[in-house]
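Q: Just to be clear, the model below is a prediction. Sequence and coordinates:
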Amino acid sequence: MPSEYSSLIADGMKRICSDLHQHLAERHFKKKGRRKWVRQRGDCLEQVYLFRLGSTYGASTNYSVDIIIEAWVSNTNAPDKRQRYFYNNASVRKPDGYCYHHRFNAKTWSTYDRCLDEIVLYIEKELEPWFLDSAASDQP
């Protein structure tokens, strides 16, 4: 039986993905599924995926939506189809030393705008340079 929080959490994930899509589309990413975006750049396929922390543990026990961002780069021409993987965790911090704020309340929408802004900042400051470095390291 779904928890009383489930529909609000699902709505929160839909909203953050919808609002984030606008920013990723500006960076030439195309949506491939509910929470995944893909961009082809040269021989590299760059992917961004969002999921909710704790989503694999069953129904939510509160209204908090804590976002995890995963990214992959794969060289489409590499014989071994190698991939590089980037995972958002506490070790990735802003230049001021604080963690990125990727959390909001799906009932009150408290800190929603901050969460969206910091996900966009994270993509700009962390993922974009990482995508470029990954592509450069695949060059002969």
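A: Structure received.

Q: which strands and helices sit next to the longest strand along the chain?
A: Using DSSP state E to define each element, the chain has its longest strand at strand 64-75. With contacts taken as 3 or more CB pairs under 8 Å, 6 or more residues apart in numbering; DSSP states H and E, strand 64-75 sits against helix 6-26, strand 44-52, strand 83-87, strand 103-105, helix 112-122, helix 128-137. Placement of C-beta: from N, CA and C, glycine included.

Q: Which of these sits closest to Thr76?
A: Across the helices and strands packed on strand 64-75, the minimum distance to Thr76, taken as CB to CB, is reached by strand 44-52, at 5.5 Å.

Q: Could you list the low-confidence segments of this structure?
A: Across the chain, the ranges flagged by pLDDT under 70 are 1-3, 54-59, 79-91, 135-140.

Q: do that again at 50, thanks
A: Counting by pLDDT under 50, the ranges of the chain that qualify are 1, 140.

Q: beta partners of the most centrally placed residue in it?
A: Of all residues in the chain, the one closest to the mean position by CA atoms, centre = their mean is Ile69, 3.1 Å from it. For Ile69, the beta-bridge partners under DSSP bridges are Leu50.
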